[in-house]
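Chemist: Okay, structure incoming, though there's no sequence with it:
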């Protein structure tokens, strides 16, 4: 009888573990996730004025490249426009026992790295990371990125590729890796609730290889770490990529840093008008529609401020891409106007955002050439 109880206990434990990964994903299509994406500067300070928003949707349970796949659609943009935008990205998630696999398209790896721009790296490394990603495209496939039963703080490598890159006329051996590490479970407080979460750190690693194969020593050049929180039946509820340093001293080149990004869960985005308030609206605070509208190439915007303070005017595309600062300065209490010139831009709809003193408002501007 004792042996039977032990066997039953083992079977039950295995059943619970086998279902563990799937317990962290919605059970049926229809789930939507709402996120705020905030860049962080080189000191890891959040840049709230540059925040954009993302909506993910669990569209269907299907198959993809030979495996069962939960298909998640995504779109990014401004708070005011993202609910009305089409979905522009697709990700695939396979849940098998303790494992959460993702389908990685290396040709589109920039999306995996969040908002990080590799232009500066390419300009220094010659053929650079852009060329490396092109070569990696042949490795598109399913990868076991999230191992829910992995030993805490034990690192695993789920992709490794040794290659070369060229700087001027010198060819250098390099290693590209994707690593995962499950870290201790933790409680996470978010705007949509408090969760007991599973946590992972996924790392994008680029190293220079010293020595002659098979005896090589990887010397780290770039490591981008993405900390991810998973909540039961919610999947990912938070992600944070801190500032990353690029160490090029081995090449006698200057080192520099890449800014990071923090992605947090927020309640459903409901747009009721052109104004979005981050606090109580001060009496007499108003952003008026520009005139003329449509316009080419300049238009005038008037706004009333109920109190003096620091305010910014920023221009975004209709998809939420930051374009430029129109102005950022101290304004006195009262009515103001700014002339906006959109020379060099294509015809279309743009978003002008006024922000400051706990208040934010936006206007749609129509440039028609």
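Modeler: Arrived safely, thanks for sending. Keep in mind it's a predicted model, so treat the numbers as computed, not measured.
Chemist: shaky segments in the protein?
Modeler: 1-19, 107-134, 167-168, 271-284 (pLDDT under 70).
Chemist: Can you name the residues that contact the nearest residue to residue 66 once chain neighbours are set aside?
Modeler: Counting by C-beta to C-beta, 6 or more residues apart in numbering, the nearest residue to residue 66 once its immediate chain neighbours are dropped is residue 142, at 7.8 Å. Just so you know, the C-beta spots here come from the backbone N, C-alpha and C atoms, and that holds for glycine as well. Shown in contact with residue 142 (C-beta atoms under 8 Å, 6 or more residues apart in numbering): 65, 66, 67, 94, 101, 102, 103, 104.
Chemist: same check, this time on residue 148
Modeler: By C-beta under 8 Å, 6+ apart, the contact set of residue 148 is 20, 21, 24, 98, 99, 100, 182, 198.
Chemist: ok, and the closest non-adjacent residue to the first one?
Modeler: Here the nearest residue to residue 20 in space, its sequence neighbours aside, is residue 148; by C-beta to C-beta, 6+ apart that works out to 4.8 Å.
Chemist: among the contacts of residue 142, which are in helices?
Modeler: Using DSSP state H, no member of the contacts of residue 142 falls in helices.
Chemist: Neighbour count and distance to residue 303 for these - can I get that in JSON lines?
Modeler: What follows is the contacts of residue 142, written out as JSON lines (neighbours: other C-beta atoms under 10 Å; distance: C-beta to C-beta, whole Å):
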{"residue": "65", "neighbour count": "11", "distance to residue 303": "52"}
{"residue": "66", "neighbour count": "9", "distance to residue 303": "56"}
{"residue": "67", "neighbour count": "15", "distance to residue 303": "53"}
{"residue": "94", "neighbour count": "21", "distance to residue 303": "50"}
{"residue": "101", "neighbour count": "22", "distance to residue 303": "50"}
{"residue": "102", "neighbour count": "18", "distance to residue 303": "45"}
{"residue": "103", "neighbour count": "18", "distance to residue 303": "47"}
{"residue": "104", "neighbour count": "21", "distance to residue 303": "46"}
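Chemist: Output those in JSON lines; the columns should cover distance to residue 83.
Modeler: Shown next, in JSON lines, are the contacts of residue 142 (distance: C-beta to C-beta, whole Å):
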{"residue": "65", "distance to residue 83": "31"}
{"residue": "66", "distance to residue 83": "34"}
{"residue": "67", "distance to residue 83": "31"}
{"residue": "94", "distance to residue 83": "29"}
{"residue": "101", "distance to residue 83": "30"}
{"residue": "102", "distance to residue 83": "26"}
{"residue": "103", "distance to residue 83": "27"}
{"residue": "104", "distance to residue 83": "28"}
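Chemist: Residue 175: which of these is nearest?
Modeler: residue 104 (17.1 Å; C-beta to C-beta).
Chemist: Most neighbours among the contacts of residue 148, please name it.
Modeler: residue 100 (25 neighbours; other C-beta atoms under 10 Å).
Chemist: Could you look up the SS state of the residue lying closest to that residue once chain neighbours are set aside?
Modeler: Residue nearest to residue 100 in three dimensions, not counting chain neighbours: residue 146, with 3.5 Å by C-beta to C-beta, 6+ apart. What DSSP: H, G, I helix; E, B strand; the rest coil gives for residue 146 is strand.
Chemist: residues contacting residue 146?
Modeler: 21, 99, 100, 101, 102, 180, 182, 200, 228, 230.
Chemist: How about the fourth one: which residues does it bridge to?
Modeler: Counting by DSSP bridges, residue 101 forms beta bridges with residue 94.
Chemist: The last one too?
Modeler: Following DSSP bridges, residue 230 is listed with bridge partners residue 198, residue 236.
Chemist: what's the spacing between it and residue 81?
Modeler: As judged by C-beta to C-beta, to the nearest Å, residue 230 and residue 81 stand 29 Å apart.
Chemist: got it, and the third one?
Modeler: Here residue 100 is placed at a distance of 31 Å from residue 81 (C-beta to C-beta).
Chemist: can you redo the contacts of residue 148 as a markdown table with distance to residue 340 and secondary structure?
Modeler: Output for those, formatted as a markdown table (distance: C-beta to C-beta, whole Å; DSSP: H, G, I helix; E, B strand; the rest coil):
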| residue | distance to residue 340 | secondary structure |
| --- | --- | --- |
| 20 | 54 | coil |
| 21 | 50 | helix |
| 24 | 46 | helix |
| 98 | 55 | coil |
| 99 | 52 | strand |
| 100 | 47 | strand |
| 182 | 50 | strand |
| 198 | 47 | strand |
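Chemist: Among the contacts of residue 146, which one sits closest to residue 258?
Modeler: Nearest member of those to residue 258, counting by C-beta to C-beta, is residue 228, at 18.5 Å.
Chemist: tell me, how many neighbours does that closest one end up with?
Modeler: Around residue 228 there are 22 residues (other C-beta under 10 Å).
Chemist: who are the neighbours in contact with it?
Modeler: By C-beta under 8 Å, 6+ apart, the residues touching residue 228 are 146, 199, 200, 201, 202, 236, 238, 239.
Chemist: Got phi/psi on it?
Modeler: phi -130, psi 140 (degrees, to the nearest 10).
Chemist: quick one: it from residue 67, how far?
Modeler: 21 Å.
Chemist: swap in residue 96?
Modeler: Where residue 67 is concerned, residue 96 sits at a distance of 8 Å (C-beta to C-beta).
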